[in-house]
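K.L.:
Sharing a sequence plus its predicted fold:
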Amino acid sequence: MQDRSARTEALAAAVLSHPGVVRLDGGPFGTVASYLPGRRLVGVRVGEGAEPVELALVAALGTPLQRLADELGAIVRGLLGPVRVEVTVTDVAPRVEPVATASGHGVMGGPQP
């Protein structure tokens, strides 16, 4: 079970590291999730047997969605092997990048009024 949890968390981190992904999402009705020891990881569901890996996410505004789905599929297969991957884009939003402060700590930036 620990190995499955570690793989699921690594998969979520890899998906989130893609510049076209703003955040993970539960998908329609919040059903795209993995149940890990002590918590629920929303946005990633690794299927059993022939079931697909499901991803639900908010895409960065302006990201070509088909290319995003193809690239995420390649990331998933790179980690888990030859599996089917279903990607659901639930919304699009501007990507918010951390902005470095004078103290060296990052804060979330975004469009300024």
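P.N.:
Structure received. The structure presented is a predicted model; accordingly, all values stated were derived computationally and were not measured.
K.L.:
got the residue ranges for the helices in the chain?
P.N.:
Along the chain, counting by DSSP state H, helices occupy 2-16, 65-80.
K.L.:
which stretches of this structure have low pLDDT?
P.N.:
Within the chain, the ranges that satisfy pLDDT under 70 run 1-2, 98-113.
K.L.:
quick one on the thing from earlier: okay, the helices of the chain in JSON lines with mean neighbour count and distance to residue 27 next?
P.N.:
C-betas here are computed from N, CA, C, even on glycine. Shown next, in JSON lines, are those (neighbours: other CB atoms under 10 Å; distance: least, CB to CB, whole Å):
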{"stretch": "helix 2-16", "mean neighbour count": "14", "distance to residue 27": "13"}
{"stretch": "helix 65-80", "mean neighbour count": "15", "distance to residue 27": "14"}
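K.L.:
Please name whichever of those is nearest to residue 87.
P.N.:
Closest to residue 87 of the helices of the chain is helix 65-80 (CB to CB; 4.2 Å).
K.L.:
Just the C-alpha atoms of that closest one, please, in CSV.
P.N.:
Extracted C-alpha coordinates of helix 65-80, given in CSV (Å, rounded to 0.1, in the frame of the first residue of the first chain):
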residue,chain,number,x,y,z
LEU,A,65,-5.8,21.7,-24.2
GLN,A,66,-5.2,18.8,-26.5
ARG,A,67,-1.4,19.3,-26.3
LEU,A,68,-1.8,19.5,-22.5
ALA,A,69,-3.7,16.2,-22.4
ASP,A,70,-1.1,14.5,-24.6
GLU,A,71,1.8,15.8,-22.5
LEU,A,72,0.1,14.8,-19.2
GLY,A,73,-0.6,11.3,-20.7
ALA,A,74,3.1,11.0,-21.5
ILE,A,75,4.1,12.0,-18.0
VAL,A,76,1.7,9.4,-16.5
ARG,A,77,2.9,6.7,-18.7
GLY,A,78,6.5,7.6,-18.0
LEU,A,79,5.8,7.0,-14.3
LEU,A,80,3.3,4.1,-14.4
